[in-house]
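# Quick one, fold the following:
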Amino acid sequence: MTHILFVCLGNICRSPMAEFIMKQWLTEQGQSHLFHIDSAGTSGWHNGEDMHCGTADILDGLNIDSRGFVSSQVRPQDAEKYDYIVAMDANNLQTLQQLLTKDAQHMFVITDLLPELNYPQGVPDPWHTGDFEETKRLLQASCKPLLAHITAQSV
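Below you'll find the model as predicted:
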């Protein structure tokens, strides 16, 4: 089983959206049994909280059940627990690189898999932009390339 951790700053907007969109996509592909997907934040600002209502609304609109989600913070032991740690942006990747010791090819910014979309700094934070639809669009677009990246790494 491959373990993937999606990481943003507070674990209430982007990373939970990525977690649940990827889980749903893997289920649709008949591959959910091959993966364990989680999310966390680099800050502890929202530990124990539910996801942002904007993220919950997007997931509801996709008919994705996100009940039971609780925000959590990245821990040093996550470097050993997860095969892939996928940051939502360059700032969070930098924080992860300082916090964790992990092979660089297994820790990256998700938009690195989507160079044609020209988001070199990562997925914009809808907490600031208010654009949860943009976040959804980028995260949905990343599912297939992420699976391809993981598959290529395991060959």
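
# What ranges does this protein have for its strands?
2-8, 35-41, 84-87, 107-109 (DSSP state E).

# quick one: which of those is nearest Gln24?
Judged by Cβ to Cβ, the one of those that comes nearest to Gln24 is strand 35-41, at 9.9 Å. For the C-beta atoms, the positions are set from N, CA and C on the backbone; glycine is no exception.

# can you tell me which residues contact Ser154?
Thr2 (Cβ atoms under 8 Å, 6 or more residues apart in numbering).

# separation between it and Trp45?
With the distance defined as Cβ to Cβ, to the nearest Å, Ser154 ends up 35 Å from Trp45.

# For the helix or strand bottoming out on mean pLDDT in the chain, which residues meet the burial criterion?
Within the chain, no helix or strand scores below helix 78-81, which has a mean of 92 by mean pLDDT, DSSP states H and E. Within helix 78-81, the residues scored as buried using 16 or more other Cβ atoms under 10 Å are Asp78, Ala79.

# Give me the contact list for that helix.
For helix 78-81, contacts defined as Cβ under 8 Å, 6+ apart pick out His3, Leu5, Ala40, Ile85, Leu100, Thr101, Lys102.

# Need the CA coordinates for it. PDB is fine.
The C-alpha coordinates for helix 78-81 follow below in PDB (Å, rounded to 0.1, in the frame of the first residue of the first chain):
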ATOM      1  CA  ASP A  78       5.400  11.500   9.000                       C
ATOM      2  CA  ALA A  79       8.600  11.300   7.000                       C
ATOM      3  CA  GLU A  80       8.700   7.500   7.700                       C
ATOM      4  CA  LYS A  81       5.000   6.900   7.700                       C
END
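
# What ranges does this structure have for its helices?
14-28, 53-61, 78-81, 90-99, 126-129, 132-153 (DSSP state H).

# ok and the first one relative to strand 2-8, angle-wise?
Spelled out, it's helix 14-28. 150 degrees (axes from the mean of the first three to the mean of the last three Cα atoms, to 10 degrees).

# Give me the distance from helix 14-28 to the chain's centre.
8 Å (Cα atoms, centre = their mean, to the nearest Å).

# Outside of that helix itself, list whatever touches it.
Under Cβ under 8 Å, 6+ apart, the answer for helix 14-28 is 4, 6-8, 32, 34-35, 37-41, 51, 55, 58-59, 62, 64, 66, 69, 71, 86, 88, 110, 123, 125-126, 132, 135-136, 139-140, 142-144, 146-147.
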